[in-house]
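Visitor: turn this into a model:
(one chain, ligands or ions: 3)
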Amino acid sequence: MGERFDLIIRGAEVVTSSDVRRLDIGIRDGRIAALEAGLSALAADRVIDARGKLALPGMIDMHVHFNEPNFGHWEGFRSGSAALAAGGITAYADMPLNGNPPTVTVEALRLKQSLAAGSSSVDYAIWGGLVPGNAEQLAQLHAEGVIGFKAFMSNPGGEGEGRFREADDATLYEGMKRIAAFGGLVALHAESEAMTSALHARAAAEGRLDARAFIEARPVAAELAAVSQAIAMAEDTGCSLHFVHISSADAVELIEQVKWRGLDVTVETCPHYLTLTAGDMERLGPVAKCAPPLRDAEQVERLWSHLAKGHIDIVASDHSPSPWSMKSLEGRTFADAWGGIAGAQSSLELMVDEALARGIPLPRIAAVTAAGPAKRLGLYPRKGEIAVGFDADIAILDPEAGYTLREEDLLQLHKHSPYIGRTFSCRVDATLVRGETVYDRRDGLRLAGFGELVRPIRA
Ligand SMILES: NC(=O)NC(NC(N)=O)C(=O)[O-]
Ligand SMILES: [Zn+2]
Ligand SMILES: [Zn+2]
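Guide: Residues are numbered from 1 along each chain as shown. Ligands and ions are numbered 1, 2, ... in the order given. Alright, predicted model coming up:
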């Protein structure tokens, strides 16, 4: 008698780390147990016929803001993870803000973990934060399983007493020293506070509160200034660095140079920096507001060429939702609308759609959406690839099911996204987490609460 499986995914075009091949995926106990052509359907309890479909490793979105505790009315683990499941995302990492208390103490981490437990449809990890005054918490946060420490170099905005604060230079430097000592990772929002706050104040004094003024107050130079400063600190302290939501090709180039010098540094960009421009931010208004801002078409094209060459390690959504009212221009200006794009459900579809149109091989897309984040979060070789021995975290996409995104397609809490009205050439058909179908297109969300906390595999 041959090998038996719980499930076989039959005949999909499977995106591996090196190519795209028609293969059968045999799954047992939540893991990929066989990957070959011609597995017998008789050898499984259940078969998914995926002929004509694409099978990609489930995306690992290492940058989302689900905002619990206390800001679950902005987004929560349930609604946020449902949107991810519908978008082919099988794991994510939740940022330490804009929940309150932010995840900057061990107590807040435990609260966050208890709120996530049983609420998330897909697997998840949790970021801690590095802020002024929490140096004594860092080692214990690491010991209790945070996947790294987010710090802001510019003002993060947000509401409420005790909200997340940006790190001043000394906090960042001393934090990096401590974090380097236990081999941890610092993730940085890199924009110069000195530059952006002064430029914003000047624009406001001139009564300029529109999208164009916002874009001009946060130039590429402000990103470059912060990236250079952080690199200098990392070289001094030996701390591993991850740059979140890099918006410019210039910053990617600066980071690429230091990688060659041997610094442990990675760069993330977001689907919005790859598919939208500054002009779209002006046209769409606050639903397309984010910091750093969207850039011009020339930067967008150069970002794609860096992605194609392997200079971008990770693509993540930076899903940062808010209630509708904070995105509305009724009674507020662009300047005081919430900054954050809530597009996470579309990340993988956007990347596949663009790759097919641009002739970028799909293994390159899988590298930035799955293997790259898995490696950076210490989840590799358990997650991040379709290969024998990995968790069966799989997104099945139908390349024949083109559609135009509507508000009612979104499973997130507040259904605003800059991609509403966009036409996609492919659509997520089903999402499997550890071999279980958590979402499919016909039934919608099937397994609320199936997700588990994942911790880095540490030596
Ligand atoms: N407070 C936030 O959630 N900010 C986020 N907002 C953006 N990117 O506009 C971020 O990650 O910086
Ligand atoms: Zn940020
Ligand atoms: Zn963010």
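
Visitor: the longest helix along the chain vs ligand 1: in contact?
Guide: Once the chain is assigned using DSSP state H, the helix that runs over the most residues is helix 220-237. No - counting by C-beta under 6 Å from any ligand atom, no contacts exist between helix 220-237 and ligand 1, the nearest distance being 12.0 Å. All C-beta atoms are positioned from the backbone trio N, CA, C, and that covers glycine.

Visitor: what packs against the helix or strand that comes right after that helix?
Guide: Read in the C-terminal direction, the helix or strand following helix 220-237 is strand 240-243, with elements assigned using DSSP states H and E. Here strand 240-243 touches strand 185-189, helix 220-237, strand 265-269, going by 3 or more C-beta pairs under 8 Å, 6 or more residues apart in numbering; DSSP states H and E.

Visitor: deepest of those, which one?
Guide: When the helices and strands packed on strand 240-243 are scored by mean count of other C-beta atoms under 10 Å, the highest mean neighbour count falls to strand 185-189 (a mean of 25).

Visitor: how many other residues sit next to G129?
Guide: 29 (other C-beta atoms under 10 Å).

Visitor: nearest residue to it other than its sequence neighbours?
Guide: Closest residue to G129 apart from its sequence neighbours, by C-beta to C-beta, 6 or more residues apart in numbering: P96 at 3.5 Å.

Visitor: report the contact partners of that neighbour.
Guide: Applying C-beta atoms under 8 Å, 6 or more residues apart in numbering, one finds that P96 lies in contact with 102-104, 126-129, 150, 164.

Visitor: cool, and P323?
Guide: Taking C-beta under 8 Å, 6+ apart as the criterion, P323 is in contact with 73-74, 414.

Visitor: one more time with 10 Å
Guide: Contact analysis of P323 by C-beta atoms under 10 Å, 6 or more residues apart in numbering lists 71, 73-75, 338, 413-414, 416.

Visitor: and A217, by the same measure?
Guide: A217 makes contact with 195-204, 208, 291, 293, 335 under the criterion C-beta under 10 Å, 6+ apart.

Visitor: chain center to the longest helix of the chain: distance?
Guide: Using C-alpha atoms, centre = their mean, to the nearest Å, the distance from the centre of helix 220-237 to the centre of the chain it belongs to is 22 Å.

Visitor: list the helices and strands that helix packs on?
Guide: Contacts defined by 3 or more C-beta pairs under 10 Å, 6 or more residues apart in numbering; DSSP states H and E place helix 220-237 against helix 169-181, strand 185-189, helix 193-205, strand 240-243, helix 249-260, strand 265-269.

Visitor: the same query, at a cut-off of 7 Å, please.
Guide: In terms of contact count using 3 or more C-beta pairs under 7 Å, 6 or more residues apart in numbering; DSSP states H and E, helix 220-237 is assigned the packing partners helix 169-181, helix 193-205, strand 240-243, helix 249-260.

Visitor: can you give me the helices in the stretch 351-459 of the chain?
Guide: Read by DSSP state H, counting those that start in this stretch, the stretch 351-459 of the chain holds these helices, from start to end of the chain: 362-366, 372-376.

Visitor: quick one: the longest helix of the chain to helix 249-260, angle?
Guide: Using axes from the mean of the first three to the mean of the last three C-alpha atoms, to 10 degrees, the direction of helix 220-237 lies 20 degrees away from that of helix 249-260.

Visitor: and the residue nearest to R455 when sequence neighbours are not counted, how far from ligand 1?
Guide: Taking C-beta to C-beta, 6+ apart as the measure, R455 lies nearest to G145, with 4.2 Å between them; neighbours along the chain are not counted. G145 sits 22 Å away from ligand 1, taking C-beta to the nearest ligand atom, to the nearest Å as the criterion.

Visitor: out of the helices and strands packed on strand 240-243, which is closest to A37?
Guide: For A37, the closest of the helices and strands packed on strand 240-243 is strand 265-269, at 34.7 Å, according to C-beta to C-beta.

Visitor: present the helices and strands packed on strand 240-243 as JSON lines; the columns should include mean pLDDT.
Guide: Converted to JSON lines, those look like this (pLDDT from 0 to 100):
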{"stretch": "strand 185-189", "mean pLDDT": "98"}
{"stretch": "helix 220-237", "mean pLDDT": "98"}
{"stretch": "strand 265-269", "mean pLDDT": "98"}
